[in-house]
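Student: 3D, please:
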Amino acid sequence: MSTSATPGFAGAGKADAQTELASLGDELAVLQEQLFAQGRVGGSRRLLLVLQGMDTSGKGATVEHVLGMVNPMGVRYHAFTRPTIEEREHHFLWRVVRRLPPPGIIGVFDRSHYEDVLVVRVHQLVPPEQWATRYDAINRFEARLSTTTKVVKCFLHISAEEQRKRLRARLANPEKWWKYQPGDLNEHVRWHEYQLAYADVLHRCNAEAAPWYVVPADRKWYRNWAVTRILVEQLRTLGLVWPAPSGWDPKTECARLRELAV
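Tutor: Next up, the predicted model:
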């Protein structure tokens, strides 16, 4: 799929996408609040959004522009970086399990357990026979997780040319220097290796209960629209409604409140 494609979008361009995004954002906010409300009264449902992609693909920006449209009380965000010494002493999924969202919450992973078959593979941090077993471990983990959690995995797909363009933009703007690391170019040199690793991830860990969505991300406006639409569609499948009162009656409480009027 072309990294600049806009599948599913029927509008004319960025302006139309922003108009649709506002409407989708309103629905997303309601669905998120219903999910949160059900969690407060004992509901068990939750959603995990996994964002993967090359550097500059827009994982953080997606969180800002998409999840920024909902109540932050109902969102738990975690960015996975290089494992700590403690984390390296455990199974590779240990640090992931600790960050799973509780009931009623939308959890967001900026990078995830997939780093252990991406970065680890490309940089040969462990022998091939070790990382190769992790696909099955991930599939088993996500199968168990999907019994309680709606798992939404988005691969933000950009081109090498677009990444170079965004890196140049960072270097040209002092306000963006904090986002840049010299190692970013070292990773870019390994572009082909990462594409092969991602291809295996998308093929081998694409179960029906936890499928991958490949989101063309060269156009930032389309990326934001697409991820928002995916979240709305997946939350709709949960059949969310506002919780009914439990152990009290609204009419009775209104009458009590009137009696307190001065």
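Student: Just the strands from the stretch 101-250 of the chain, written as ranges.
Tutor: If DSSP state E, counting those that start in this stretch is used as the criterion, the strands of the stretch 101-250 of the chain fall at 106-110, 149-157, 212-216.
Student: can you put these in TSV and add distance to Leu67?
Tutor: Using the backbone N, CA and C atoms, a C-beta is placed for each residue, glycine as well. Conversion of those to TSV gives the following (distance: least, C-beta to C-beta, whole Å):
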stretch	distance to Leu67
strand 106-110	6
strand 149-157	12
strand 212-216	15
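Student: Figure out which of the ones you listed is closest to Thr19.
Tutor: strand 212-216 (19.6 Å; C-beta to C-beta).
Student: quick one: strands adjacent to that closest one?
Tutor: If you go by DSSP bridges, strand 212-216 pairs up with strand 149-157 (parallel).
Student: how far off strand 106-110 does the strand it pairs with point, in degrees?
Tutor: Inter-element angle recorded for strand 149-157 and strand 106-110: 30 degrees (by axes from the mean of the first three to the mean of the last three C-alpha atoms, to 10 degrees).
Student: Next, the buried residues of strand 149-157.
Tutor: Neighbour counts over strand 149-157 (16 or more other C-beta atoms under 10 Å) mark 149-157 as buried.
Student: Please apply the same query to stretch 67-82.
Tutor: Going by neighbour count (16+ other C-beta under 10 Å), the buried part of stretch 67-82 is 67, 69-70, 74-78, 80.
Student: Out of the strands of the stretch 101-250 of the chain, which is closest to Leu240?
Tutor: Closest among the strands of the stretch 101-250 of the chain, once you apply C-beta to C-beta, is strand 149-157, at 10.7 Å.
Student: From the chain's centroid, how far away is that closest one?
Tutor: 6 Å (C-alpha atoms, centre = their mean, to the nearest Å).
Student: what's the average pLDDT for stretch 133-143?
Tutor: Mean pLDDT, stretch 133-143: 98.
Student: got any ranges where the protein has weak pLDDT?
Tutor: Along the chain, segments meeting pLDDT under 70 span 262.
Student: Hmm, Thr148 and Ser44 touching each other?
Tutor: Yes - in this structure Ser44 lies within contact range of Thr148 using C-beta atoms under 8 Å: 6.0 Å.
Student: for the buried residues of strand 149-157, which one is nearest Trp221?
Tutor: Leu156 (13.3 Å).
Student: quick one: the closest one from Val97, how far?
Tutor: Distance, Leu156 to Val97, by C-beta to C-beta, to the nearest Å: 24 Å.
Student: now for the helix or strand where Gln38 lies, which elements pack on it?
Tutor: Assigned by DSSP states H and E, Gln38 belongs to helix 14-40. Helices and strands touching helix 14-40, as assessed by 3 or more C-beta pairs under 8 Å, 6 or more residues apart in numbering; DSSP states H and E, comprise strand 46-53, helix 220-236.
Student: do you know which of the ones you listed lies nearest Val201?
Tutor: Comparing those under C-beta to C-beta, the one sitting nearest is strand 46-53, at 7.7 Å.
Student: now for the closest one, which elements pack on it?
Tutor: So strand 46-53, by 3+ C-beta pairs under 8 Å, 6+ apart, packs with helix 14-40, helix 59-66, strand 106-110, strand 149-157, helix 220-236.
Student: Just put the ones you listed in CSV and tack on distance to Tyr198.
Tutor: Formatted as CSV, these follow (distance: least, C-beta to C-beta, whole Å):
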stretch, distance to Tyr198
helix 14-40, 25
helix 59-66, 14
strand 106-110, 16
strand 149-157, 7
helix 220-236, 16
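Student: Those: which one's closest to Lys176?
Tutor: helix 59-66 (12.0 Å).
Student: pull the CA atoms of that closest one into PDB?
Tutor: Extracted in PDB, the C-alpha atoms of helix 59-66 (Å, rounded to 0.1, in the frame of the first residue of the first chain):
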ATOM      1  CA  LYS A  59       3.000   8.000  17.100                       C
ATOM      2  CA  GLY A  60       3.200  10.900  19.600                       C
ATOM      3  CA  ALA A  61       1.400  13.300  17.300                       C
ATOM      4  CA  THR A  62      -1.400  10.700  16.900                       C
ATOM      5  CA  VAL A  63      -1.800  10.500  20.700                       C
ATOM      6  CA  GLU A  64      -1.900  14.300  20.800                       C
ATOM      7  CA  HIS A  65      -4.400  14.900  18.000                       C
ATOM      8  CA  VAL A  66      -6.600  11.800  18.400                       C
END
